[in-house]
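Visitor: I would like the atomic coordinates for the input below:
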Amino acid sequence: MKKILHIAEKKKIWFAIVAVCMIVSIGSICIRGLNYGIDFVGGTIITMDLHTKFDTTETRTITDKYDKYAEITYAGDGQTQIVISTQKDLSTEERQEIFDDFKEAYSLKDADLISVDTVTPTVGSEMTKNAIIAVAIAIVLMLIYIWLRFELFFGISAVLALVFDMVNLIGFYSLFQIQVNTPFIAAILTILGYSINDTIVVFDRIRENQRMGLYTLDKNMLVNVSVTQTIKRSIYTVVTTLLAIVSLYIFGVTEIQNFALPLIVGIISGCYSSIWVASPIWLVLQEKFPHFTEKKTNKKPVKKAKKQPVV
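Guide: Alright, predicted model coming up:
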């Protein structure tokens, strides 16, 4: 017989790990805060054509004089264009000074200054508001869907697991002061869908085992067997997905890396929460509110139709 993993009996260990991660993440968010990019706090975007491939370390010797938190990215077919995104709203004089410094260092002409754009804080605050609304709507719709498809406790467990994933990801960015920009929001919504899909696989197996009448009196064993039956599928899916995303992060350009990094962190966290967090939370809810569960599960049996006499 296949060895059964004892997930349910060790739920205090899994919850302790969750607590430590949440405390570190929330503490970092409160103390260090987030390093918001220009998309959220506003600033200035300067695009220039250097006509040669460049090293961001070299260009930072110029940009750090004006904003040491400026983000530098490549652009153009040959990656010879530089895009400088500062979190400061640079004055006209400062913009000209930056271009003059690059003009001298790379022998540029006036036509090599492609564009200078300003992002106002109003736009950044509106984007932050829309991002929060988008995440909230996604979580609420997932709760409703799982509630209707499965039951309320499954929905609550899945949402709490998602909250753990989101706090972990935001805490990771806060702890290492990685810049939060537009791709970060897209990655969060992607992680929400990926994590909830993994969780539903486990919950669906729990429900199927319940319907077959397996371990109905021993819910610990019900969770253990269901997780054991699905854990290989979950881990294989995560590993193959990570292989692709890590490759994108290693070999991709900066914009791709900004999208791939939160995906890597979120998928690892989502795998943990789907296997070791969501099901134990459902088990705790079942134990704490048995009367609610009985009302939902102890339905009146459906009357069988009377057989018609054969003529």
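Visitor: quick one, domains of this structure?
Guide: The chain breaks down into these domains under automatic domain parsing: 8-33+123-295, 43-119.
Visitor: could you dump those to a markdown table with mean neighbour count and mean pLDDT?
Guide: In short, each C-beta sits where N, CA and C put it, glycine included. A markdown table is the format used below for the domains of the chain (neighbours: other C-beta atoms under 10 Å; pLDDT from 0 to 100):
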| stretch | mean neighbour count | mean pLDDT |
| --- | --- | --- |
| domain 8-33+123-295 | 17 | 88 |
| domain 43-119 | 16 | 88 |
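Visitor: Is the spatially most central residue of the chain in a helix, a strand, or coil?
Guide: Central residue of the chain (C-alpha atoms, centre = their mean): Ile188, 3.5 Å from the mean position. Assigned by DSSP: H, G, I helix; E, B strand; the rest coil, the conformation of Ile188 is helix.
Visitor: Thought Val135 was touching it, still the case?
Guide: Yes. Taking C-beta atoms under 8 Å as the definition, Ile188 is a contact partner of Val135 at 6.2 Å.
Visitor: any residues in contact with both of these two?
Guide: Met166 (C-beta atoms under 8 Å, 6 or more residues apart in numbering).
Visitor: State the distance from the nearest residue in space to Ile62 that is not next to it in sequence to Ile206.
Guide: The shortest distance from Ile62 to any non-neighbouring residue, by C-beta to C-beta, 6 or more residues apart in numbering, is to Asp101 (4.7 Å). Plainly put, Asp101 is 62 Å away from Ile206 if you go by C-beta to C-beta, to the nearest Å.
Visitor: hang on, the earlier thing: secondary structure element for the residue nearest to Ile62?
Guide: helix 92-106 (DSSP states H and E).
Visitor: gap between that helix and the chain center?
Guide: In terms of C-alpha atoms, centre = their mean, to the nearest Å, the centre of helix 92-106 is set 38 Å apart from its chain centre.
Visitor: So which elements touch it?
Guide: strand 43-49, helix 56-63 (3 or more C-beta pairs under 8 Å, 6 or more residues apart in numbering; DSSP states H and E).
Visitor: now the ones you listed in JSON lines, with distance to Phe154?
Guide: Formatted as JSON lines, the helices and strands packed on helix 92-106 follow (distance: least, C-beta to C-beta, whole Å):
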{"stretch": "strand 43-49", "distance to Phe154": "44"}
{"stretch": "helix 56-63", "distance to Phe154": "47"}
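Visitor: Quick check: which of those is nearest to Ile26?
Guide: strand 43-49 (27.6 Å; C-beta to C-beta).
Visitor: Identify the residues contacting the closest one?
Guide: By C-beta under 8 Å, 6+ apart, strand 43-49 touches 38, 67, 75-76, 80-90, 95, 98-99, 102, 108, 112-119.
Visitor: any idea how far the closest residue to Leu175 other than its chain neighbours is from Asn168?
Guide: Computed as C-beta to C-beta, 6+ apart, the closest residue to Leu175 that is not its neighbour in sequence is Ser28, at 4.4 Å. To Asn168, Ser28 is 11 Å away according to C-beta to C-beta.
Visitor: Over to Thr254?
Guide: 24 Å.
Visitor: Also Leu34?
Guide: 14 Å.
Visitor: Repeat that for Trp282.
Guide: 20 Å.
Visitor: Bridged to the residue lying closest to Phe54 once chain neighbours are set aside, which residues?
Guide: Of all residues not flanking Phe54 in the chain, Ile82 sits nearest, at 6.4 Å (C-beta to C-beta, 6+ apart). Note on Ile82: beta-bridge partners by DSSP bridges are Met48, Tyr74.
Visitor: need the contact list for Ile82.
Guide: Ile82 neighbours (C-beta under 8 Å, 6+ apart): 47-48, 50, 54, 59, 72-75, 102.
Visitor: Which residue ranges of the stretch 101-250 of the chain form strands?
Guide: Secondary structure of the stretch 101-250 of the chain (DSSP state E, counting those that start in this stretch): strands at 113-119, 179-180.
Visitor: Parallel or antiparallel, list what pairs with the shortest one.
Guide: Meaning strand 179-180. Going by DSSP bridges, the partners of strand 179-180 are strand 35-36 (parallel).
Visitor: List the contacts of the following helix or strand past the strand it pairs with.
Guide: Following strand 35-36 in sequence order, the next helix or strand is helix 38-41 (DSSP H and E). Under the contact criterion C-beta under 8 Å, 6+ apart, helix 38-41 has outside partners 44-45, 71, 85-87, 119, 121, 124-125, 127-128, 180-182.
Visitor: ok, now with 6 Å
Guide: Helix 38-41 is contacted by residues 85, 87, 119, 124, 127-128, 181-182 when judged by C-beta atoms under 6 Å, 6 or more residues apart in numbering.
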